[in-house]
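>>> okay, structure incoming, though there's no sequence with it:
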């Protein structure tokens with residue numbers, strides 16, 4: 001059974017690991033990688049990636065991407081959102097802390113950020129969801 005728009009947005013706002021998919025080069029499958037993301041219902045979804053990464057080059061070239069989040073327990077449920085990239089901007093320390101705090105326990109955040117400082121410049125990529133797919137298969 002498909003979820004309502006409100007249920008889709010609430011589900012996507014939870015801290016799931018996303019599966020990012022973006023068009024790749026001719027003759028190759030889309031790039032599909034796990035990724036942390038941030039989303040608030042009704043707003044833009046955003047993610048962080050290295051400023052010199054293949055992922056960012058593909059995102060900029062395609063101009064859009066999709067992201068899928070799922071859970072398998074207590075029920076099989078997933079949401080996929082797809083839409084255009086609305087903007088990119090350099091990551092700030094505050095953005096990085098927000099993203100890391102979404103996924104890690106509070107006592108792990110500072111240690112992660114210290115290591116992540118060695119990864120080089122990061123870019124925030126924003127997308128406004130336009131197309132949705134979803135299902136809740138109930139308790140199996």
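Nice, I can see it. As the structure is a prediction and not an experimental result, all values here were calculated from the model.
>>> mind checking the pLDDT average for the helix or strand hosting residue 49?
Per DSSP states H and E: residue 49 is located in strand 45-50. Averaging the model's pLDDT scores along strand 45-50 yields 98.
>>> just the buried positions in the helix or strand following it, please.
Downstream of strand 45-50, the first helix or strand assigned by DSSP H and E is helix 54-62. Residues of helix 54-62 classed as buried: 55-56, 58-59, 62 (neighbour count, 16 or more other CB atoms under 10 Å). No exception for glycine: its C-beta is placed from N, CA and C like everyone else's.
>>> and for helix 54-62, what's in contact with it?
Contacts of helix 54-62 from elsewhere in the structure, counted by CB atoms under 8 Å, 6 or more residues apart in numbering, are 20, 22-24, 31, 33, 49-50, 65, 85, 88, 123, 125.
>>> 6 Å - rerun?
Counting by CB atoms under 6 Å, 6 or more residues apart in numbering, helix 54-62 makes contact with 22-23, 31, 49, 65, 123, 125, all of which sit outside it.
>>> got it, and stretch 78-93?
8, 11-12, 44, 48, 63-64, 66-70, 122-135.
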